[in-house]
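1. After the sequence you'll find the predicted model.
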Amino acid sequence: MTAPAQPQTQPQVYEGIAVSGGVALGPLHVLRGPGATARRAGDPVQEAAAFKAALNEAATALQALIEAEDSLAGDILEFQLALLEDDDITAPVLAAIAGGTPADRAWIDKMDAEIADYRGDGDGVLAGRAEDLSDLKNRVLSALTGSSAALAEVPAGAILVAEDLTPSLFLDIDWSRLAGAVTTGGSPTSHVAILARARGVSLVVGTRLAVEGLPAGGTAILDAAAGRLTVNPDSAARAAAEAAGAAEAEKERAIAAVLHQPARTADGIPVMVLANIDAPALLDQVSSDICDGVGLTRTEFLFAGGRQPDEEEQLAFYRRLLAWADGRPVTVRTLDAGGDKPLPGVTIDGETNPFLGVRGLRLSFARPEVFRCQLRALVRAAEEAGNLKVMLPMITAPWELDQARAMLDEEIAGLRQAGIPCAHPALGIMIEVPAAALMAGDFEADFYSIGSNDLIQYTAACARDNPAVAALADPRTPAVLELIRRVVAAGEARGVEVSLCGEMASSPALISSLLDCGLTMLSCAPAQIGPVKLAIADYDGRGRNGADHG
Ligand code: PEP
Ligand code: MG
């Protein structure tokens, strides 16, 4: 027997790409883009005036957003503001208007051509710029046609559905009122996705659903962690979503209770939880109160886009980082380019196997001017704050540490001769290569930090960027855990700190394995500090197999 077709009431499931967030049940609200209404061709003089007024309105709104937002959002919006003042964009529009084209049509034509140019390039950075252009196109169009998305009408607790969300629209929305959003297009690496992650907004992108086919006022379940939207959920799905939502809320409460407290296992062992800083924007988004310091600063971002920051620029950032940490220890890793992190103008082109080539500290030796400049900035910062430590990436043999230390000493001597204040920071090494893990005790390092991402790839012989071999690169593989235990033992024997700063430390499910290895210092992604502290609080080392936690 076939059930009668009831497309409007049967559950419809749309799969997309999970960006961030959890499970929520709420009314659907479709957000339509601007430009749905069109201007009629009018007097060119009036059209030009309307266009200029729309540019002004857009500029004022962007300026207000920039002032209200953090630097991550500000950087994105500054680019749009600059475009509004760019004659190459506005002059052709005004010329088309003078020729009799309505202002909105002239603006759409110009912006669509620009967007197509940026998209056509196939370059990720330029595609991000296309997203900014499309955002700006809509903002000016809204001002011109008076069709700005009616955000005020969005019901509380709604799941917003849009073809795409633009950064400035995202920032206009009061997300605390809403359950989250689903877009038909979009990408998990877009600016909107970055903003959603940073602000904990539930977002699924790329569902490819037909917005017109959605039932007006219907209910849906947004499972943002699974990347799924279920429209017209049946009672079983509703009950499951409500239970998942309640469990999440309970977990959030438990995380809130431990977030600002020092971490301690259920059997009373204190564990230091530090933050990994891999973008300067994190310093605006995260309070240092929730962590015990910085366990890893990925300084590659200072060199983003092929830039080579000079000593003063680097020093300014290290000062900012130290001020953020407010006296807590801060570990800065020297430039770790190469392998999966090529840097135009610095890394070596044409290597047959870049992961096994001149990367990390090896590259610093091949580009001593870049390395020495960073060392000078670091030792100057160390003089101003006693809590700075310097860490060397991708080290294999003890002589590399000796050579790096000699270079550090030379830079200190040079600065002192020039009368520039500087100080010796603690100099530690990352343990990312099995050879270094096995022989950790042979290194005269002031501390060790285990880079489990690379340690796993080199131990399991599985490239970290190749999903086809991901199953073999299981972090719980006994060989990896054995190497971690050996490094912990070497640290204990030498009386120096051992931490772990790879992704393993950001994964609550792996925390018990790391604590079993004897680690009591973990450095993780800031967004994972709460969940990691909760996993630590749940851990009880008493009576665990082979665990020596004393
Ligand atoms: C690591 O390898 O674990 C690590 C922290 O370094 P990165 O991920 O930056 O290579
Ligand atoms: Mg690494």
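-> Looks like it came in fine. Ligands and ions are numbered 1, 2, ... in the order given.
2. what does the stretch 251-400 of the chain have sitting close to ligand 1?
-> Residues of the stretch 251-400 of the chain lying close to ligand 1 (CB under 6 Å from any ligand atom) are Leu296, Arg298, Asp336. In this view, the C-beta of every residue, glycine as well, is placed from N, C-alpha and C.
3. quick one: Val496 and Phe443 touch, right?
-> No: taking contacts as CB atoms under 8 Å, Val496 lies outside contact range of Phe443: 9.6 Å.
4. Which of the two has more residues huddled nearby?
-> Neighbours per residue (other CB atoms under 10 Å) separate Val496 from Phe443, with Phe443 holding more: 23 against 17.
5. and that one, what is it in contact with?
-> Contact analysis of Phe443 by CB atoms under 8 Å, 6 or more residues apart in numbering lists Ile395, Pro398, Leu401, Ile429, Ala436.
6. between the residues you listed, which has the most around it?
-> In the contacts of Phe443, the most neighbours by other CB under 10 Å go to Ala436, 29 neighbours.
7. Show me which residues of the host helix or strand of it are buried.
-> Using DSSP states H and E, the element containing Ala436 is helix 434-438. Neighbour-count burial for helix 434-438, with 16 or more other CB atoms under 10 Å as criterion, is recorded at Pro434, Ala436, Ala437.
8. My read is that the last one contacts Ile431, right?
-> So that's Ala437. Yes: look at Ala437 against Ile431 with CB under 8 Å: they come within range, at 5.1 Å.
9. Now for those two: what residues contact both?
-> Counting by CB under 8 Å, 6+ apart, the shared contacts of Ala437 and Ile431 are Ile450, Leu455, Leu483, Val487.
10. ok, is stretch 297-312 in contact with ligand 2 or not?
-> No: Stretch 297-312 is not in contact with ligand 2 by CB under 5 Å from the ion; minimum separation 9.0 Å.
11. okay, and for the stretch 101-250 of the chain, where does confidence drop off?
-> 120-128, 146-152, 189, 198 (pLDDT under 70).
12. what do you get if the cut-off is 50, keeping everything else the same?
-> 124, 149 (pLDDT under 50).
13. Close to ligand 1: what parts of it are there?
-> Counting by CB under 6 Å from any ligand atom, no residue of the stretch 101-250 of the chain is near ligand 1.
14. can you give me the strands for the stretch 101-250 of the chain?
-> Using DSSP state E, counting those that start in this stretch, the strands of the stretch 101-250 of the chain run over 159-162, 180-183, 203-205, 219-223, 228-231.
15. Name the surrounding residues that touch the last one.
-> By CB under 8 Å, 6+ apart, the surrounding residues in contact with strand 228-231 are 11-16, 28, 159, 161, 182, 204, 207, 209, 214-215, 218-223, 237.
16. Any quick PyMOL command for the buried ones out of those residues?
-> Restricted to buried positions by 16+ other CB under 10 Å, the PyMOL selection for these reads:
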select buried, resi 12+13+14+16+28+159+161+182+204+207+209+214+218+220+221+222+223+237
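17. Intersect the contacts of strand 228-231 with the contacts of ligand 2.
-> Counting by CB under 5 Å from the ion, nothing from those sits close to ligand 2.
18. Next, count neighbours for Trp399.
-> Close neighbours of Trp399, defined as other CB under 10 Å, add up to 10.
19. And the pLDDT for it?
-> Per-residue pLDDT puts Trp399 at 98.
20. Name the next helix or strand downstream of the helix or strand bottoming out on mean pLDDT in the chain, please.
-> Least confident helix or strand, the chain: helix 71-84 with a mean of 74, by mean pLDDT, DSSP states H and E. Following helix 71-84 in sequence order, the next helix or strand is helix 87-98 (DSSP H and E).
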